[in-house]
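Colleague: Structure of the sequence below:
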Amino acid sequence: MNGSGAGYEQRSVSPYTTREKVGRVIWNYLGQPLFRCTFHNWYGLRNALLRLFGASVGRPVRIRPSVRVEQPWNLTIGDNSSIGDRSIVYCLGKVTIGSHVSISQQAHICAGTHDYKMPDLPLIRPPIVIEDHAWIAADAFVGPGITVGEGAILGARGCAFKDLEAWTIYGGNPAKAIAARPTLGEDDRDE
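Modeller: Predicted coordinates:
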């Protein structure tokens, strides 16, 4: 302690508004359990539930019932995207997932961290953007503040701690560019 009491005051201030606190309680004890209890192909019901809690969800979007979503009001998903089984979409900050995006099983999208430069490690919530036609493969991790460029692929178990360039395939921890991904023709991009 530095004697001024400033450290204690910083720790006692919540990073969440009262509205966010109430929303988190209702989502965690009502919304998320209802989400998980839906039949495996009831995508429309799960999407409606996310919308009820403030998410912006395109059509048709396929999110599996075992997906864990934190703070859905910070989530935007474009058309024709999917999120696989047991994935975590940790939306402490804004998470924007484009159209035609595939997030495979057990991926972790993490828009929250702590400011390691401060002694009390306050919560920070940098946004994540996953652009159209990207693929986050099985068990991969996308860290806070990252942009995954259009058509980029983060391979299985890859960890993105820096932005991923468009139409590039990445793998490893930390993720490194492996190869270029062929771009899709205009007709393929609209499907």
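
Colleague: so W27, which of the three states?
Modeller: At W27 the chain is in helix, as set by DSSP: H, G, I helix; E, B strand; the rest coil.

Colleague: residues contacting it?
Modeller: F53, Q71, P72 (Cβ atoms under 8 Å, 6 or more residues apart in numbering). Where you see a C-beta, it was placed from the backbone N, CA and C, and this is true even at glycine.

Colleague: Touching, R51 and G58? I think so.
Modeller: No: using Cβ atoms under 8 Å, R51 is not in contact with G58, being 10.6 Å away.

Colleague: ok, these two, which is more surrounded?
Modeller: Taking other Cβ atoms under 10 Å, R51 and G58 do not tie; G58 has more neighbours (16 against 13).

Colleague: L75 is in contact with the more buried one, correct?
Modeller: No: counting by Cβ under 8 Å, G58 stays clear of L75, with 11.4 Å between them.

Colleague: So which residues of this structure form helices?
Modeller: 6-12, 18-26, 32-36, 43-52, 186-190 (DSSP state H).

Colleague: mind listing what P60 touches?
Modeller: Going by Cβ under 8 Å, 6+ apart, P60 touches Y43, G44, D79, N80.

Colleague: ok, of the helices of the chain, where does mean pLDDT dip lowest?
Modeller: Looking over the helices of the chain, mean pLDDT reaches its minimum on helix 6-12, with a mean of 50.

Colleague: re the thing from before, need the contacts of W27 in a markdown table with pLDDT, can you?
Modeller: Output for those, formatted as a markdown table (pLDDT from 0 to 100):
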| residue | pLDDT |
| --- | --- |
| F53 | 97 |
| Q71 | 97 |
| P72 | 98 |
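
Colleague: Give me the pLDDT for P15.
Modeller: P15 is given a pLDDT of 82.

Colleague: That one reaches D115, doesn't it?
Modeller: No: with contact defined as Cβ under 8 Å, P15 does not count as touching D115 (10.6 Å).

Colleague: Now the common contact residues for those two.
Modeller: Overlap of the contact sets of P15 and D115 (by Cβ under 8 Å, 6+ apart) consists of P122, L123.

Colleague: returning to what we had before: if you rank the contacts of W27 by neighbours, which is first?
Modeller: Q71 (25 neighbours).

Colleague: mind checking how far it is from R19?
Modeller: Distance, Q71 to R19, using Cβ to Cβ, to the nearest Å: 11 Å.
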